[in-house]
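*Asks:* please work out how this folds:
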Amino acid sequence: MTSSGGNVREPAAVTWVGESVVIGCVIVALLPLGVLHLSSIGSLDPRTAVISDYVFQPGGYALLGAAAISLAAGCAVVATGLRRAELPAARVPAALFTSAAVALVLVALFPTHTPGTTPGLVSTVHRAAGGWVFAVVPVAAWLVAVRARSAPAWRPAAVPLTWAARGATAISAVFLLNHVPIVITGSPFLPFLGGVQRVLCAAVMVVLVMTARATRLAAERGCEPVPVPPRLRGAA
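*Replies:* Predicted coordinates for the structure are as follows:
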C-alpha cells in the first residue's frame, strides 16, 4: 500500500505483545518456585534434590503445577508469535515450542514418585515430559537464531539469541546425561543433579524470553515503512 509519506509498504499496525506476556509467565513461574525453595530450607538440598521433589512439600503439587502451566503458556505464546512472524522456516521451532507447552502440562498433571520408592507410570510420564522440555526449548531457540541470520528484520536479535541458545543447549546436554540414567535405572550418573537442573531451568526461561524479544523486534522492524526510491516518488 502506498501512502502520502512516500512509502510503498505500510503493513497493518499489529502490535505483538508476546514479549511482555512471556516475561509475565516467567515471573509467575518463578514466584511459586521461590516459595517452595524458601519453605524447604533445611529439608531439601537444592544441589542434589531435583525441583520435582518439592511436590511433597506443603502445597507443592499446586505450586509446581502453577509454575509449569505458566511456562507452558509462555511456550505457547512464543510458538504463536513465530507462526505469525515472517521468519524463514519457522514451522519447526514453532512446533518444538508447542510440544514443550504440551510437555509442561504433563509435568504439572503427573507428579514424580516419592523418593526411595519404585517409579511408576505417572512418574515416568513426568520424567519423560520434563526431559523433553529441557531438550527441545534450547534447540528451538537455537533454530530461531540460525534462521534469524538470513532475515533482515530478525538479524539484530540473532547474535545474543545464538549465544544464549548455545549455552542452554550445552547445559541441557549435561543434564540429560544425568536424566536419562535416572529414567532407566533410577539413579543419576553425576552428582549435584539438582544444581544442574536449576541452572538449566533458568537458562530455559532466559532463552524463552529472548526468543519472544526477537519475535517482537522482528515484528516491529517488519512494520517499518520502506522508503520509495526517488525516481518512483512522482509515480506514487
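*Asks:* can you give me the helices for this structure?
*Replies:* Here the chain has its helices, by DSSP state H, at 18-39, 60-84, 91-109, 121-148, 155-185, 193-222, 230-233.
*Asks:* would you turn these into a markdown table with mean neighbour count and mean pLDDT?
*Replies:* Glycine gets a C-beta too; all of them are placed from N, C-alpha and C. As requested, these are exported to a markdown table (neighbours: other C-beta atoms under 10 Å; pLDDT from 0 to 100):
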| stretch | mean neighbour count | mean pLDDT |
| --- | --- | --- |
| helix 18-39 | 18 | 94 |
| helix 60-84 | 22 | 94 |
| helix 91-109 | 21 | 96 |
| helix 121-148 | 21 | 90 |
| helix 155-185 | 17 | 75 |
| helix 193-222 | 21 | 85 |
| helix 230-233 | 9 | 45 |
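*Asks:* so for Thr48, which of the ones you listed sits nearest?
*Replies:* Nearest of those to Thr48, taken as C-beta to C-beta: helix 193-222 at 5.0 Å.
*Asks:* just want the most central residue of this structure.
*Replies:* In the chain, the C-alpha nearest the mean C-alpha coordinate belongs to Leu208, at 3.4 Å (C-alpha atoms, centre = their mean).
*Asks:* show me the contact partners of stretch 92-108.
*Replies:* Applying C-beta atoms under 8 Å, 6 or more residues apart in numbering, the contact partners of stretch 92-108 are 52, 64-66, 68-69, 71-73, 75-76, 78-80, 82-83, 125-126, 129-130, 132-133, 136-137, 139-141, 143-144, 147, 211.
*Asks:* hmm, try it at 6 Å
*Replies:* 65, 68-69, 71-72, 75-76, 78-79, 82-83, 125-126, 129-130, 132-133, 136-137, 140, 143-144 (C-beta atoms under 6 Å, 6 or more residues apart in numbering).
*Asks:* before we move on, back to that, of the helices of the chain, which approaches Pro46 most closely?
*Replies:* helix 193-222 (5.4 Å).
*Asks:* output the contacting helices and strands for the closest one.
*Replies:* helix 18-39, helix 60-84, helix 121-148, helix 155-185 (3 or more C-beta pairs under 6 Å, 6 or more residues apart in numbering; DSSP states H and E).
*Asks:* which other residues reach the second one?
*Replies:* Okay, so that is helix 60-84. Identification of contacts with helix 60-84 by C-beta under 6 Å, 6+ apart yields 16, 18, 21-22, 25, 28-29, 32-33, 36, 54-55, 90, 94, 97-98, 100-101, 104-105, 107-108, 208, 211-212, 215.
*Asks:* so how far is it off the chain centroid?
*Replies:* For helix 60-84, the separation from the chain centroid amounts to 8 Å (computed by C-alpha atoms, centre = their mean, to the nearest Å).
*Asks:* now swap in the first one and tell me
*Replies:* With C-alpha atoms, centre = their mean as the basis, the distance from the averaged C-alpha position of helix 18-39 to the chain average is 13 Å.
*Asks:* likewise for the third one?
*Replies:* Chain-centre distance of helix 121-148: 8 Å, with C-alpha atoms, centre = their mean.
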